[in-house]
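A.B. asks: Pasting a predicted model and its sequence here:
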Amino acid sequence: MPGGTFDPGVEKERAGLYINFKAAALNRITSGERGTVVIPLITDWGQHKTFIDIEEEGQVFSNFAHDINDGEMLLIREAFKNAKLVKGYRLNAGTPASATVSTMTVTSHYGGTRGNDIIVKSDVNVLDNAKKDVETYLDGRLVDTQTGANISELQPNAYVTFSGDGAIPATAGTPLTGGTDGVVINQDWTDFLSATETQYFDVLAYPTTDETLKASFVTFIKRMRDDEGKKIVGVAPGLAGDYEGIINVKNGVKLNDGTMLEAVDAVAWVAGASAGASITQSLTYKAYDSAADANPRYTNSQIIAALKAGEFLFIHDGKKVKVEKDINSLVTYSQDKNKRFSKNRVIRVLDAINNDLQSEFSESYIGKIDNNADGQALLKDAVNLYLETLEEAGAIKDFDSQNDFIIDPVLSVGDSVYATIGAQPVDSMEKFYFTVRVR
């Protein structure tokens, strides 16, 4: 369903929901399920240019041939600390590894150097010496066993395929070789962004330091939010996007095991935490899981300068590594986008209103409700109920059901409905000014 912003008096061609967010009337609708992150990966195993859903740790190994704590899975692990669902997308294809034993050829299922860690063993079956037990090992771990007499009987498993004619040859252990990871070019990143348009998610991680790619990323996020009506948020390192839909990560962290994460790595954690946060939560002073220090640490004056520049950074408060302030990159304010739009909790509320209305209206209203007094009254009741729910949840405050959702009776004719929503998102306490009087 199309959406986005609109100019009063300029009619849209496609049926859809078009919403303008104004600082004077901050919009906010029902809070749908949050917690989905999309993240591109350059890794040594996995299906190429396909979204892989990770909802539990075990799915990491089955899809990427690594445990979640392996270094190759760092980005997924950091995102998964807070996200409910991580959609991994492998950018590189690579070359499969292979091995030949007599007339049998074994080829890794995917391209990448991880295929070079595969060994195939074959020995006589203890119950039937006319057959062989064929075992597939990945980095010493037995991942598949099957029994047969001829090569044609062997079935592909999650890691290798078998081909050839004749009886299965015996081998004490043949390693696969020749697997390469391949080279990622800018077009692969472009293809990734295009592919995300078909996915449903909350936050898009973009872990790259390439300035050309980051510029394209800003254009993409703005188009999705302003033209397509998909209120997603993008997270990237060192990206002064000056836009409420872009979070600009300034620094990284040092993990408890000594691993040093740069800002480009910490993008994954920020994306996961942003997606996992509800519309009534702020990430300000949220502790970074398993982190020992900020990388690098900044002085007080440097932190103040970073905040003024719209940079999301980590600090060490003497005990824990925490988020300094849950802000996005917006630093140029206007009548329509004031300073409150730089707060990610406020944006989560506004985005929830847009996304929830998009979903509900496309399901229950567009093309189904008469555009007359009765239909508009039904619409008003539904939106008011939604906003009241948000107020009860602490997402907005001071909601007035009589005046905060108004349908314009003059413009709302034919197949068009024009309405304004007045809603005030609740922010979190972040600054405390106490006066201590000595008696």
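C.D. replies: Structure received. Numbers count the residues shown, from 1 in each chain.

A.B. asks: those strands in the stretch 51-200 of the chain, which residues are they?
C.D. replies: For the stretch 51-200 of the chain, strands defined by DSSP state E, counting those that start in this stretch occupy the ranges 51-54, 85-90, 96-101, 104-111, 118-124, 132-138, 141-148, 160-164, 171-175.

A.B. asks: Just say which of these is most tucked in.
C.D. replies: Most buried of these, by mean neighbour count (mean count of other C-beta atoms under 10 Å): strand 85-90, with a mean of 24. Any C-beta I mention is one placed from the backbone N, CA and C, and that applies to glycine too.

A.B. asks: For that strand, name the packing helices and strands.
C.D. replies: strand 36-41, strand 51-54, helix 74-80, helix 186-196 (3 or more C-beta pairs under 8 Å, 6 or more residues apart in numbering; DSSP states H and E).

A.B. asks: Let me have these in TSV, extended by mean pLDDT.
C.D. replies: Putting those into TSV (pLDDT from 0 to 100) gives the following:
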stretch	mean pLDDT
strand 36-41	97
strand 51-54	97
helix 74-80	97
helix 186-196	98
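
A.B. asks: Go through these and name the closest to W269.
C.D. replies: helix 74-80 (4.2 Å; C-beta to C-beta).

A.B. asks: Now find how far off-centre the closest one is within its chain.
C.D. replies: Counting by C-alpha atoms, centre = their mean, to the nearest Å, helix 74-80 is centred 11 Å from the centre of its parent chain.

A.B. asks: before we move on, what about stretch 368-378?
C.D. replies: Put simply, stretch 368-378 sits 37 Å off its chain's centre (C-alpha atoms, centre = their mean).

A.B. asks: Repeat that for stretch 273-291.
C.D. replies: Put simply, stretch 273-291 sits 14 Å off its chain's centre (C-alpha atoms, centre = their mean).

A.B. asks: Kindly provide the whole-number mean pLDDT of it.
C.D. replies: On average, the pLDDT along stretch 273-291 is 93.

A.B. asks: got it, and stretch 348-367?
C.D. replies: Averaged over stretch 348-367, pLDDT sits at 78.

A.B. asks: one step back: take the helices and strands packed on strand 85-90 and lay them out in a markdown table including distance to E363.
C.D. replies: Listed next are the helices and strands packed on strand 85-90 as a markdown table, based on distance: least, C-beta to C-beta, whole Å:
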| stretch | distance to E363 |
| --- | --- |
| strand 36-41 | 19 |
| strand 51-54 | 23 |
| helix 74-80 | 29 |
| helix 186-196 | 23 |
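
A.B. asks: Quick one: closest of the ones you listed to A292.
C.D. replies: Here helix 74-80 is closest among the helices and strands packed on strand 85-90 (C-beta to C-beta), at 14.5 Å.

A.B. asks: which residues are in contact with the closest one?
C.D. replies: Applying C-beta atoms under 8 Å, 6 or more residues apart in numbering, the external contacts of helix 74-80 come out as 37, 39, 41, 54, 57, 60, 64, 68-69, 86, 88, 205, 207, 259, 261, 265-269, 271-272.

A.B. asks: Show me which of those residues are buried.
C.D. replies: Among those, those buried by neighbour count (16 or more other C-beta atoms under 10 Å) are 37, 39, 41, 54, 60, 64, 68, 86, 88, 205, 207, 259, 261, 265-269, 271-272.

A.B. asks: rewinding a little: nearest to N295, out of the strands of the stretch 51-200 of the chain?
C.D. replies: With C-beta to C-beta as the criterion, N295 lies closest to strand 85-90 of the strands of the stretch 51-200 of the chain, at 22.7 Å.

A.B. asks: report the angle between the axes of that closest one and strand 36-41?
C.D. replies: 20 degrees (axes from the mean of the first three to the mean of the last three C-alpha atoms, to 10 degrees).

A.B. asks: Would you mark the buried spots in stretch 71-90?
C.D. replies: 72-80, 82-83, 85-90.

A.B. asks: brain fart, stretch 145-159
C.D. replies: G148, I151, L154, Y159.

A.B. asks: Out of the residues you listed, flag the one nearest to T332.
C.D. replies: The closest of these, once distances to T332 are taken by C-beta to C-beta, is Y159, at 51.5 Å.

A.B. asks: The closest one reaches Y137, doesn't it?
C.D. replies: No - with contact defined as C-beta atoms under 8 Å, Y159 does not reach Y137; the gap is 9.2 Å.

A.B. asks: Mutual contacts of the two, please.
C.D. replies: Common neighbours of Y159 and Y137 (C-beta under 8 Å, 6+ apart) are I118, V143.

A.B. asks: Now tabulate the buried residues of stretch 145-159 in TSV and tack on pLDDT.
C.D. replies: Formatted as TSV, the buried residues of stretch 145-159 follow (pLDDT from 0 to 100):
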residue	pLDDT
G148	97
I151	98
L154	98
Y159	98
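
A.B. asks: S278: which of those is nearest?
C.D. replies: Of all the buried residues of stretch 145-159, Y159 has the smallest distance to S278: 39.1 Å, by C-beta to C-beta.

A.B. asks: for the closest one, what are its contacts?
C.D. replies: By C-beta under 8 Å, 6+ apart, the residues touching Y159 are A65, S108, H109, I118, T136, L138, V143, D144.
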